[in-house]
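Enquirer: prediction below, plus the sequence it came from.
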Amino acid sequence: MSAESQAFKLALCQMLVTDDKTANLEKAADFLRRAKQADAKIAVLPECFQCPYDTACFRAYSETLPDPPYPVSKQHESPSLKVLQDLAQETGMYIVGGSVPEISEGKVYNTSMTVSPTGGLIAKHRKTHLFDIDVPGGIKFKESDALTAGDSATAFHIPELSLTAGVAICYDMRFPELAMVQARQLNASLLIYPGAFNLTTGPAHWELLIRARALDNQVFVAACSPARATSGDGYKAWGHSMVVDPWGKVVASTEEKESLVIADIHLSRVEQVRKAIPTSKQRRRDVYTLEYLK
Ligand SMILES: NC(=O)CCC(=O)C(=O)O
């Protein structure tokens, strides 16, 4: 495959999420159509794109979701999956469907679904690390009051781009081991994080973590936040959706308002950076080995 055919556009849909699920799904569809107009091949929605980011809401907004691979020919009751499938077929894009509260056997998960251009569900990631933090004078949040953690690393493949992309959700990005498994065991050269940082940790850590995951794996990293609500006393998302290249450079970003972020992804950059700074060949496994990396 030529370097040129390995270039494509990635869209991050930084949409405002309200407490109206139907309106949220319509808003997501609008953003996805705009992403198509911008010629995106992959479009990403934010964490909890159809539900307020609030432990009191997750169960009420939850849906049962099928496991991949799930063909488009089968109808499923999930309204969120239906929107993703319809829009993937309409636009011909790969859609990383942010996340949706998923109910299964009475437990609720924070789950991201990825749908291919034919409308098939090709990947599903259940947030692996729950956001339980307590920063004095800042934010206290306890996802584990309402959610159960998933237990696997996720990636999907796009044959026509020779691309494997990893998917994880928000707080997952604080765990370098998960990104390492996606990049080094699952061969991902793009890591995608639907996420919703906040006004305490957002300014301190959001960009730093995205760039760190890009640098320590020499991969592209894309993180998509909801837009920040300007009223109400609910969770205030940091916004600042961004795409970072394997050199650690921010190649596209926005601030806190609703916005469609479009990045040109040149996959050849991964090999260029790895050739220039060959850390993957310089690891000292005789000195350190993570047990699960065998
Ligand atoms: N939704 C989340 O997981 C928030 C993560 C976050 O804000 C952090 O600081 O980490």
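Expert: Ah, there it is. Numbering: from 1, shown residues only.
Enquirer: what is the biggest helix by length in the chain packed up against?
Expert: Criterion DSSP state H: the longest helix present in the chain is helix 21-37. Helices and strands touching helix 21-37, by 3 or more Cβ pairs under 8 Å, 6 or more residues apart in numbering; DSSP states H and E, are strand 7-14, strand 42-44, helix 79-91, strand 259-266. All C-beta spots, glycine's among them, are computed from the backbone N, C-alpha and C.
Enquirer: residue 225 is nearest to which of these?
Expert: Closest approach to residue 225 among the helices and strands packed on helix 21-37 (Cβ to Cβ): strand 7-14, 5.9 Å.
Enquirer: ok, that closest one: who's next to it in the sheet?
Expert: Taking DSSP bridges as the criterion, strand 7-14 forms sheet pairs with strand 42-44 (parallel), strand 259-266 (antiparallel).
Enquirer: list the buried residues in the longest strand along the chain.
Expert: With secondary structure taken from DSSP state E, the chain has its longest strand at strand 94-104. Applying a neighbour-count criterion of 16 or more other Cβ atoms under 10 Å, one finds 94-103 buried in strand 94-104.
Enquirer: now stretch 242-259
Expert: Applying 16+ other Cβ under 10 Å to stretch 242-259 flags 242-248, 251-254, 256, 259 as buried.
Enquirer: do the same with stretch 196-212
Expert: 196-198, 200-202, 206-207, 209-212.
Enquirer: filter those residues down to the ones near the ligand?
Expert: With Cβ under 6 Å from any ligand atom as the criterion, the members of these in contact with the ligand are 196-198, 201.
Enquirer: ok, residue 42 to residue 13 distance?
Expert: From residue 42 across to residue 13, the span is 11 Å (Cβ to Cβ, to the nearest Å).
Enquirer: okay, those two: which has more neighbours?
Expert: Ranked by neighbour count (other Cβ atoms under 10 Å), residue 42 and residue 13 place residue 13 first, with 29 against 24.
Enquirer: I'd guessed the more buried one sits against residue 222; true?
Expert: No: look at residue 13 against residue 222 with Cβ atoms under 8 Å: they stay out of range, at 11.3 Å.
Enquirer: thinking again about what came up before, among the strands paired with strand 7-14, which is the most enclosed?
Expert: strand 42-44 (a mean of 29; mean count of other Cβ atoms under 10 Å).
Enquirer: how far is that strand from where the chain is centred?
Expert: Counting by Cα atoms, centre = their mean, to the nearest Å, strand 42-44 is centred 9 Å from the centre of its parent chain.
Enquirer: now for the following helix or strand past that strand, which elements pack on it?
Expert: Toward the C-terminus, strand 42-44 is succeeded by helix 58-61 as the next helix or strand (DSSP states H and E). Applying 3+ Cβ pairs under 8 Å, 6+ apart, we find helix 58-61 packed against strand 94-104, strand 107-115.
Enquirer: phi, psi for the closest residue to residue 138 other than its chain neighbours please.
Expert: If the residues on either side of it in the chain are set aside, residue 138 comes closest to residue 200, at 3.5 Å by Cβ to Cβ, 6 or more residues apart in numbering. Here is the backbone geometry of residue 200 (degrees, to the nearest 10): phi -90, psi -60.
Enquirer: quick one: contacts for residue 200?
Expert: 135, 138-139 (Cβ atoms under 8 Å, 6 or more residues apart in numbering).
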